[in-house]
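Participant: A structural model of the following input is requested.
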Amino acid sequence: MANNVFDLAELRKLIDEQAAVPPRPPQEKTPAEHEALTFPPVALAGDAELARVVPAVPLVADAIRLANWTGERRVSPDGLLPEADRAAAVAALGLDPSRLRLVWIVAVNTGLLRIARGRVSRGPLPARLTVEATLEFWDGVVMDVLDRADEGLTGSTVVDGHLAEMLATIYSVRSGVAIANLARGILQSHEVACAPGDAEMRRLAAALPADLMEALSLLAYCGLVEQTSAGRTALTPLGVWAIRRDLLREGHDAPTTAEVEVFADLSAAELVEALVKGSATQSAVAGWLERRPPEQAARDLVAIAAEGTAGQRGAVGAILEELGPEAEAPVREALGQPLMRRYAASWLHIRDLEAPPLSTDDHTWIAVDSLAALMHMSGPVAGRLDTPEPGEELIKLVAAMPAVGHPDTVAVLDMLAAAHDDQKVVKAARKAAMKARSLAHTKMD
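Facilitator: Here you go, the predicted structure:
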């Protein structure tokens, strides 16, 4: 899905609307938000059950029939059936001519057909494979389908450009998504990504419903989507399995229900530790919060963050982010905690609750703390580092860091100097680190 567009803000908004859950509070985008999404846990069908229905997927069934019909024969220099053979295959098998190329590509790329020295021959059929091999075969089929979006899979450039986003939305809402809402989400994302003019948007809005219906028909043929009894579009069990695999490949957090249930009964301290160590991801948070009153959960978390490391504060912040105004009382009490007051004030502001203002120094302190959390949660930074502000803004931020009195300032500046790929930032970080060390020595004297 790497080549398709994710507009995360719109995707999250649509997911929340369709799932009928309280919307997340608005917040500034972070570097991590541009890289990964956390998806709701899903219950997967059993492997044996999934493998059993793979050969019945229309696309797979047609690929198998095409492989059997093809047998051994010559192919064109570009690895396709010659024109006369294509016409014969369509007539003999009753294939849709517009889908023949996709069927052929799937048959070849998954090994149903093998091409060597200008000739094609049959490979093993899924029915003769193990459960594990059949699912790997199915994963290959879906990758072939999604890869075709770059070449015009559905016949609609707009749908193809937002195919990954659309499938991720459907994946997130197990009860299904109305086609009108899918169209609205695609149009909104396309407007953000491509900034078309008003006339172009009107043309797209008029054409998209029909294009989307055609695209969903193709995705149903590919075994990925189906219509619910309520007329919504949902993923098939095989679709859930395959799209989850693709989301994981792209670095998204897409857990199963079983994977998150193991964290639900942990104490607050145990959950925070698991998040810091990376043994739990953000997907574990929702299940954990469901098991306890919001006010008590927030109070336990604040107590950990008020005495903990930057990494623990980062983990606590990620959990508190999921709570609404019902957690106001313990968060408001945190205004009296030196290490938590800035986070508490920010949390209250985001939810339009009364809170003290944050100064520029407070925001700089939070930036230092966030970078320090990265060190605590990720260990030594290897390679390039994603930083909170690009270019000149980051240099100004770095210069302001020594004055805010964060205990991890020197470590953060040393990390930036060692890991950043912008030499101006490296120079500024080294200079600021020297200043921070000097200020620390002055206070000690």
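Participant: from here on, contacts and neighbour counts on C-alpha atoms
Facilitator: Will do.
Participant: who are the neighbours in contact with the residue lying closest to P294 once chain neighbours are set aside?
Facilitator: Distances taken as C-alpha to C-alpha, 6 or more residues apart in numbering place A327 nearest to P294, at 5.6 Å, with adjacent residues excluded. Contact analysis of A327 by C-alpha atoms under 8 Å, 6 or more residues apart in numbering lists 294-295, 298.
Participant: so A327 belongs to a helix, correct?
Facilitator: Yes: the assignment for A327 (DSSP: H, G, I helix; E, B strand; the rest coil) places it in a helix.
Participant: G308 - how many residues pack around it?
Facilitator: When neighbours are counted by other C-alpha atoms under 10 Å, G308 registers 13.
Participant: could you check how far it is from G111?
Facilitator: Shown here: G308 relative to G111, a distance of 54 Å by C-alpha to C-alpha, to the nearest Å.
Participant: again with E295
Facilitator: Relative to G111, and taking C-alpha to C-alpha, E295 is found at 56 Å.
Participant: what's the answer for T70, then?
Facilitator: To G111, T70 is 13 Å away according to C-alpha to C-alpha.
Participant: shared neighbours of those two, anything?
Facilitator: Common neighbours of T70 and G111 (criterion: C-alpha under 8 Å, 6+ apart): R122.
Participant: you'd agree V142 is up against W241?
Facilitator: No: V142 is beyond contact range of W241, at 10.3 Å (criterion: C-alpha atoms under 8 Å).
Participant: burial of the nearest residue to A258 once chain neighbours are set aside, as a residue count?
Facilitator: Of all residues not flanking A258 in the chain, A43 sits nearest, at 7.6 Å (C-alpha to C-alpha, 6+ apart). Counted with other C-alpha under 10 Å, the neighbours of A43 add up to 14.
Participant: surely A43 touches T257?
Facilitator: Yes: between A43 and T257 there is a contact under C-alpha under 8 Å: 5.4 Å.
Participant: how is this protein divided into domains?
Facilitator: Under the assignment automatic domain parsing, the domains of the chain span 1-254, 257-358, 361-444.
Participant: so how far does the second one reach from one end to the other?
Facilitator: Read it as domain 257-358. Domain 257-358 has an end-to-end distance of 39 Å (criterion: C-alpha to C-alpha).
Participant: who's in contact with the nearest residue to R313 once chain neighbours are set aside?
Facilitator: Leaving out its chain neighbours, the residue that sits closest to R313 by C-alpha to C-alpha, 6+ apart is A305, at 4.7 Å. Listed by C-alpha under 8 Å, 6+ apart, the contact set of A305 reads 312-313, 316, 339-340.
Participant: of all those, which two lie farthest apart?
Facilitator: Across those, no pair lies farther apart than V316 and L339, at 12.3 Å, counting by C-alpha to C-alpha.
Participant: give me the more crowded residue out of these two.
Facilitator: Just comparing V316 and L339: by other C-alpha under 10 Å the higher neighbour count belongs to V316, 27 against 21.
Participant: A207: neighbouring residues, count only.
Facilitator: Neighbours of A207 under the rule other C-alpha under 10 Å: 12.
Participant: my guess is S172 meets F39, correct?
Facilitator: Yes: using C-alpha under 8 Å, S172 is in contact with F39, at 6.2 Å.
Participant: re earlier: by neighbours, which of the contacts of A327 wins?
Facilitator: Of all the contacts of A327, A298 has the most neighbours under the rule other C-alpha under 10 Å, reaching 25 neighbours.
Participant: list the contacts of that residue.
Facilitator: Contacts of A298 by C-alpha under 8 Å, 6+ apart are 320, 327, 330-331.
Participant: spatially, which two of these are the most separated?
Facilitator: Maximum pairwise distance among the contacts of A298 (C-alpha to C-alpha): 10.8 Å, between L320 and P330.
Participant: more crowded one of S172 and F39?
Facilitator: A direct count of neighbours by other C-alpha under 10 Å for S172 and F39 places S172 higher, at 27 against 22.
Participant: and the spatially closest residue to D150 that is not a sequence neighbour, what element?
Facilitator: Distance criterion C-alpha to C-alpha, 6+ apart; nearest residue to D150, sequence neighbours excluded, is D160 at 7.1 Å. Per DSSP states H and E: D160 is located in helix 157-161.
Participant: and that helix, what does it pack onto?
Facilitator: Helix 157-161 sits against helix 179-194, helix 198-221, with contacts defined as 3 or more C-alpha pairs under 8 Å, 6 or more residues apart in numbering; DSSP states H and E.
Participant: following that helix, which helix or strand shows up next?
Facilitator: The first helix or strand that comes after helix 157-161 along the chain, using DSSP H and E, is helix 163-172.
Participant: just the mean pLDDT for that following helix, thanks.
Facilitator: For helix 163-172, mean pLDDT is 93.
Participant: please name every helix or strand in contact with that helix.
Facilitator: helix 8-19, helix 179-194, strand 233-235, helix 237-249.
Participant: among those, which is the most enclosed?
Facilitator: Of the helices and strands packed on helix 163-172, the one with the most neighbours on average (mean count of other C-alpha atoms under 10 Å) is strand 233-235, at a mean of 25.
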